[in-house]
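In: Below is the sequence, then the predicted model.
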Amino acid sequence: MIERDFGALLTALHDAKVEFLVVGGLAAVLNGTPVHTYDVDVVHRRTTENVDRLMPVLESLDAVYRIQPERRLRPAKSALLSTGHQNLVTRYGPLDVLGSIGEGLGYEELLPRSSEMLIGPDLSARVLNLETLIEIKEQLGGEKDRAMLPILRRALERKKR
Amino acid sequence: MTPTLVRSVIRARRQNGFAKRYPIFMTPAKEVERVPGYSEDGIDLTLIDWMLSLTPAERLNFLQRQINRILAIRELNDRA
């Protein structure tokens, strides 16, 4: 079993000065929603400089594609520059490196919809806000996404009180 | 208390079940807001409030501990 260490994953990205936003279930938790998630989803800035910073981090985390992990396929630079989703497994657990989410929203579009959160003694990260998480789940409209909507909406209401 | 007022208090106490739980000299405190534990769509609001009372770092630590415990239990059961 790979023990999850979400903090270690985020620390590795943070320390390498990778520009990224925490999205998905972990963003929901960090915003105060009582849900469980088994992976870390991040949207990274798709510039050559940022991908050049990201690639050595993924290597140090021993990141390979989750599908057929025995083949130990590592994400190529071209894949990380694309809007696609790289579903990886690392020494600290699953990590999804996403070029865009929802209807083509990338780092630049999502940055104003995020806030900086202190999530460890020397660790801060930008985390997508609940409003946008809800908006994206509504757009996606899958069963899993729809199931999460009520708790996200109630958490947003309680947070605003 | 006038007889009319007494009757209205008794009626009110009967209507909300208060009479069964409290003696006659106590009157229902209508002004006390009842905080619902669940939303209309069945979400446990107390759990949300508890999560919101934590810092983001505490939320992350809680999630991590929970997930690792769940995975450990799953692994033990897979072996059994």
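Out: Yes, it's here.
In: Which positions within the host helix or strand of A:M55 qualify as buried?
Out: Here A:M55, judged by DSSP states H and E, is contained in helix A:48-60. Residues of helix A:48-60 classed as buried by neighbour count (16 or more other CB atoms under 10 Å in any protein chain shown): A:N50, A:V51, A:R53, A:L54, A:M55, A:V57, A:L58. Placement of C-beta: from N, CA and C, glycine included.
In: Residues in contact with the helix or strand following that helix: which ones?
Out: Remark: after helix A:48-60, the chain's next helix or strand is strand A:64-65, criterion DSSP H and E. Residues outside strand A:64-65 that contact it (CB atoms under 8 Å, 6 or more residues apart in numbering or on different chains) are A:R71, A:R72, A:L73, A:R74, A:P75, A:Q86, A:N87, A:L88, A:V89.
In: where in chain B is pLDDT low?
Out: B:1-35 (pLDDT under 70).
In: how about the residues of it near chain A?
Out: Contact residues (CB under 8 Å from any CB of the partner chain) of chain B with chain A: B:39, B:41-45, B:47-52, B:54-57, B:59-61, B:63-64, B:66-68, B:70-72, B:75.
In: now with 10 Å?
Out: B:38-68, B:70-72, B:74-76, B:78 (CB under 10 Å from any CB of the partner chain).
In: Can you give the domain ranges for chain B?
Out: B:1-34, B:37-80 (automatic domain parsing).
In: Give the other helices and strands that the helix ranked longest in chain B contacts.
Out: What stands out as the longest helix in chain B, according to DSSP state H, is helix B:56-79. If you count contacts as 3 or more CB pairs under 10 Å, 6 or more residues apart in numbering or on different chains; DSSP states H and E, helix B:56-79 packs onto helix A:6-15, helix A:24-30, strand A:93-98, strand A:114-120, strand A:123-128, helix B:45-53.
In: most packed of those?
Out: helix A:24-30 (a mean of 24; mean count of other CB atoms under 10 Å in any protein chain shown).
In: Does chain B have contacts with it?
Out: Yes. Residues of helix A:24-30 contacting chain B under CB under 10 Å from any CB: A:G25, A:L26, A:A28, A:V29, A:L30.
In: related to what we said a few turns ago, buried subset of the contacts of strand A:64-65?
Out: The buried subset of those (16+ other CB under 10 Å) comprises A:P75, A:Q86, A:N87, A:L88, A:V89.
In: I'm done for today, thanks for sticking with me.
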